[in-house]
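Engineer: coords below, sequence missing:
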């Protein structure tokens, strides 16, 4: 079992950029670089020394998680600890928020998630605190949690189910599997059906359209984008877009000079509040290199929900927003026929034209 973290993980060092717009991304990726060097073994030993001996294990179902580990999950999970923001979102989307006993410092959606007991950051959570919450199940994800954390918790007798989605479809499959594990099929089945139906509708609308060439900006200084095998790249494809950055690196640091040479049709940002980014975008227009991008000069800038950064159900909302912004002509005629307005708001999706 090998958990990966990118050597090019972004750093929160661009003082000119809005903290609000980047907060969700810090929660998802930048924490890797901030906390990666933290010492896990010492904390593990302390948790082992202070943890109470586990009680007799209740009847359990055996599942194979998404990295091939066998996990015995109690048949009736009463208490869950989530170690990643996207997993917290999924738990709430499945209607199991009342069973969430704890989550991380970066779990901020829905708002109720911020009221749960905190167990620290995703990379180096407090193992003692997790044990003290007596969870029947701990949820982790390979892309952000560390192998040492999963192994330490398993050694302490806690079942840890690890997800590993690399595409939009795999995100939906993760939701479906967690629905079965948590016995939340009544919520999971219609949720999954709705997500797949919305994506199918997008496929029909965008059939025959030429994908827009875009630069998806993860960080501005240094300029960091996405690799072709990430779930965000797949989300772009589902929205009728194609990243001009073509690399196997997950979070590549790219040359602004190369982006100027490639001249993307649109520059795409993700933000919790689109209105907060206009000042930042205006500042970029005056910077060397950035002002040479035709997309910025012509106002071909799209700001979508930061939900695109997390493999959870809200990602489909962001995909729909991006598709409408890039291919508005594919929506106007059908929306008129059905007499319903496009579901885009100023706060969640904006084109600065």
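Structural biologist: On my side now, so go ahead. Nothing here was measured: the structure is a model prediction, and the numbers come from that model. Numbering: from 1, shown residues only.

Engineer: Provide a list of residues in contact with the closest residue to residue 77 other than its chain neighbours.
Structural biologist: Spatial nearest neighbour of residue 77, excluding adjacent residues (Cβ to Cβ, 6 or more residues apart in numbering): residue 136 at 4.3 Å. C-beta coordinates here come from the backbone N, C-alpha and C atoms, glycine included. Shown in contact with residue 136 (Cβ atoms under 8 Å, 6 or more residues apart in numbering): 73, 74, 76, 77, 78, 79, 80, 159.

Engineer: Over to residue 316?
Structural biologist: 168, 195, 198, 199.

Engineer: Dump the residues you listed to a markdown table, plus pLDDT, distance to residue 111 and neighbour count.
Structural biologist: Shown next, in a markdown table, are the contacts of residue 316 (pLDDT from 0 to 100; distance: Cβ to Cβ, whole Å; neighbours: other Cβ atoms under 10 Å):
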| residue | pLDDT | distance to residue 111 | neighbour count |
| --- | --- | --- | --- |
| 168 | 97 | 25 | 22 |
| 195 | 98 | 22 | 22 |
| 198 | 98 | 24 | 14 |
| 199 | 98 | 27 | 17 |
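
Engineer: Show me which pair in those residues is furthest apart.
Structural biologist: 168 and 198 (10.7 Å; Cβ to Cβ).

Engineer: Tell me how far the residue most central in space within the chain lies from residue 217.
Structural biologist: Closest residue to the average C-alpha location of the chain: residue 310 at 1.2 Å, with Cα atoms, centre = their mean. Distance of residue 310 to residue 217, given as Cβ to Cβ, to the nearest Å: 17 Å.

Engineer: How about the residue nearest to the centre of the chain: what's its closest non-neighbour residue?
Structural biologist: Using Cβ to Cβ, 6+ apart, the nearest residue to residue 310 is residue 86, at 4.0 Å.

Engineer: Helix or strand: which one has the one you found?
Structural biologist: If you go by DSSP states H and E, residue 86 is part of helix 85-93.

Engineer: residues in contact with that helix?
Structural biologist: Counting by Cβ under 8 Å, 6+ apart, 24, 27-28, 80, 82, 97, 99-100, 103-104, 106-110, 112-113, 122, 139-141, 163, 174-175, 178, 182, 187, 191, 310-314 sit against helix 85-93.

Engineer: Which among the residues you listed count as buried?
Structural biologist: Restricting the contacts of helix 85-93 to buried positions leaves 24, 27-28, 80, 82, 97, 99-100, 103-104, 106-109, 113, 122, 139-141, 163, 174-175, 178, 182, 191, 310-314, with burial counted as 16 or more other Cβ atoms under 10 Å.
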